[in-house]
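1. Sequence below, structure please.
(2 chains)
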Amino acid sequence: MAKVLVVTSGKGGVGKTTSTAALGAALAQQGARVCVVDFDVGLRNLDLVMGAERRVVFDLINVVQGVAKLQQALIRDKRLENLWLLPASQTRDKDALTAEGVGRVIADLRTKFDWVICDSPAGIERGATLAMRFADEAVIVTNPEVSSVRDSDRIIGMLDAKTVKAEKGEQVKKHILITRFDSNRAARGEMLSIDDILEILATPLLGIIPESQEVLKASNVGAPVTLNNVLSAPARAYIDAAKRLSGETIEMMIPTERKPILQRLFGRRAA
Amino acid sequence: MMSEETTQDVSKQDVAKEAPKAARQLMRFRGRSYVAYVLAPQVPIVEWLDEVDATLAKSPGFFTAKPIMLDLAATSLSTSAIRHLITSLGERSIRVLGLEGVDQAALSPDLPPLLSGGRDCALMPVTTKPQPVVEEKPKVNSSGSLLLESPVRSGQSVVFADGDITILGSVGSGAEIVAGGSIHIYGALRGRAMAGVNGNANARIFCNKIEAELLAIDGFYQTAEDIDFSLRGRPAQAWLEGNAMKITALS
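-> Numbering: from 1, shown residues only, chains lettered A, B, ... in the order given. Next up is the predicted model:
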């Protein structure tokens, strides 16, 4: 049974694209056939984070409009053979998407993959609503700050009202993924705590991704953080989150960076 | 016989600018537009007044509290005739605010001032604001109250003008609850709650955790700024006492 997962947030810059790539790669590493779909038409980024920007020929819009076949637009990852990308168009805008067209493409993808992961654009307009429209599950990416949490709340309301599942009287299964979490700052009260976020959003937690330089490093070399440095703190957090998505029960913890032994010994003096 | 016009007072001055002493009372002029009703009498005036009387017989309060202008363009009345006409209207409780369509020379200082520059405007019937769509599926039970079992999310608006609203979850920041009766929230209230919107001053708002952006009962409201900080996060209720909203902790 294929599952369609939307990665969404409402707010921009919270880590939707990073999370889409990282979760997609982690699920693929666990053996699933995965396709990540970029819905950010006009401002596509997923191709860069996946390191496939130089291989884009056709895109989602071409497939939606019937100009290209799905097979022609899908790009296979060079590192993982069961990971694919369906890129967005950079030259068009979100108005080029139609509900019927997107529905057709998603239905087609369902027959070929175990996971179809839709990277939603920010906002609550056409692009975002169509990205979530056909989803079975949703990952709501939230930063530990009030504006992000309120936007997530809004998005959860939309997931409960404007998806095909909701219209059939069913529920989209929702998960909160907290990204850019800094334990030290949260302890000092400079960030919302995990408990506060979960209380406000009243939705189960999928994982906590620590703030880390590794995320930027990975995106600069065009690799999902879960492939670039498997042992880094964010990679381990994403891998755990991906396992929870596939139904495994993993204890919730916030991974920390493993410092080399010398640095750990002399770290204090160096500082 | 009647048309509607806007009278405009275009003199706009700020006399206060030159006020030298701080102790001096400042005086300000402001320009402001109002809508006035224009009566256009026709000759013979006696018959026209009969017409006015007929209107008043049908609806006695027709001219009450309405600003009335006289457009005398269709007549050529003398100063004394104008004075007589205004007295006649005064006997019918119609007070004339100003005159139009007459030569300044024909006016004496005891008559209403001559105004010009009026523009026609359509008088809109008062329309009620379109009500926000209720996104939640309403479960109205026999007692005329609305029960919501799920949290109300940011951006959602729940409107139930016919009675109480009970919410088992929380109301998110940026969400809005509007009830004709009272509002009961068993979770946290982080958004806006407006109770007694149809003029029910006895309506109350209850919540298990008050972090509200705005509370309103029968038009009286308090924003988050006004709500006593010591109440935040506690179970609380709000009600009206005369013209003041009271908020106290429950328990």
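
2. The helix or strand hosting residue B:80 - contacts with which helices or strands?
-> Using DSSP states H and E, residue B:80 sits within helix B:79-91. Applying 3 or more Cβ pairs under 8 Å, 6 or more residues apart in numbering or on different chains; DSSP states H and E, one finds that helix B:79-91 makes contact with helix B:45-58, strand B:68-71, strand B:96-100. Any C-beta I mention is one placed from the backbone N, CA and C, and that applies to glycine too.

3. got those as TSV, with mean neighbour count columns?
-> Listed next are the helices and strands packed on helix B:79-91 as TSV, based on neighbours: other Cβ atoms under 10 Å in any protein chain shown:
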stretch	mean neighbour count
helix B:45-58	12
strand B:68-71	21
strand B:96-100	19
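
4. what's the closest non-adjacent residue to residue A:95?
-> Using Cβ to Cβ, 6 or more residues apart in numbering or on different chains and skipping residues adjacent in sequence, the residue nearest residue A:95 is residue A:126, 6.6 Å away.

5. Tell me who's in contact with the one you found.
-> A:94-95, A:97 (Cβ atoms under 8 Å, 6 or more residues apart in numbering or on different chains).

6. Against residue A:98, how distant is it?
-> From residue A:126 across to residue A:98, the span is 10 Å (Cβ to Cβ, to the nearest Å).

7. Over to residue A:20?
-> Distance, residue A:20 to residue A:98, by Cβ to Cβ: 22 Å.

8. Likewise for residue A:241?
-> Taken as Cβ to Cβ, the span from residue A:241 to residue A:98 is 32 Å.

9. Sketch out the strands for the stretch 1-150 of chain A, chain order is fine.
-> All strands of the stretch 1-150 of chain A, identified by DSSP state E, counting those that start in this stretch, fall at A:3-8, A:34-38, A:75-76, A:83-86, A:115-119, A:137-142.

10. hmm, I was thinking of the stretch 1-150 of chain B
-> In the stretch 1-150 of chain B, the strands defined using DSSP E, counting those that start in this stretch lie at B:2-8, B:33-39, B:68-71, B:96-100, B:119-120, B:146-148.

11. which residues does residue B:237 bridge with?
-> residue B:206, residue B:248 (DSSP bridges).

12. Tell me which of the helices and strands packed on helix B:79-91 approaches residue B:179 most closely.
-> Residue B:179 lies closest, by Cβ to Cβ, to one member of the helices and strands packed on helix B:79-91: helix B:45-58, at 40.1 Å.

13. which secondary structure elements does the closest one contact?
-> Counting contacts by 3+ Cβ pairs under 8 Å, 6+ apart, helix B:45-58 packs against helix B:79-91.

14. Hmm, residue A:108 and residue A:70 touching each other?
-> Yes: taking contacts as Cβ atoms under 8 Å, residue A:70 lies within contact range of residue A:108: 5.3 Å.

15. Tell me which of the two has more neighbours.
-> A count of neighbours by other Cβ atoms under 10 Å in any protein chain shown puts residue A:70 above the other of residue A:70 and residue A:108, at 18 against 15.

16. OK, contacts around that one?
-> Contact analysis of residue A:70 by Cβ under 8 Å, 6+ apart lists A:63, A:86, A:105, A:108-109, A:112.

17. Nearest to chain B within the stretch 51-200 of chain A, name that residue for me.
-> residue A:157 (2.9 Å; Cβ to the nearest Cβ).

18. where does that residue fall, phi/psi-wise?
-> The phi and psi values for residue A:157, taken as degrees, to the nearest 10, are phi -60, psi -40.

19. Now for the residue lying closest to residue B:102 once chain neighbours are set aside, how many residues are close by?
-> Counting by Cβ to Cβ, 6+ apart, residue B:102 lies nearest to residue B:72, which is 4.4 Å off, once chain neighbours are set aside. Residues near residue B:72, counting by other Cβ under 10 Å, number 21.

20. how about a markdown table for the contacts of residue A:126, with neighbour count and pLDDT added?
-> Below are the contacts of residue A:126 laid out as a markdown table (neighbours: other Cβ atoms under 10 Å in any protein chain shown; pLDDT from 0 to 100):
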| residue | neighbour count | pLDDT |
| --- | --- | --- |
| A:94 | 22 | 85 |
| A:95 | 11 | 87 |
| A:97 | 24 | 91 |
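
21. all helices in the stretch 1-150 of chain A, in order from the N-terminus.
-> Using DSSP state H, counting those that start in this stretch, the helices of the stretch 1-150 of chain A run over A:16-29, A:46-49, A:60-64, A:70-73, A:99-110, A:126-133, A:146-159.

22. Tell me which of those helices is the most buried.
-> Of all the helices of the stretch 1-150 of chain A, helix A:16-29 has the most neighbours on average by mean count of other Cβ atoms under 10 Å in any protein chain shown, namely a mean of 28.

23. in a strand, that's where residue A:175 is, yeah?
-> Yes: per DSSP: H, G, I helix; E, B strand; the rest coil, residue A:175 lies within a strand segment.
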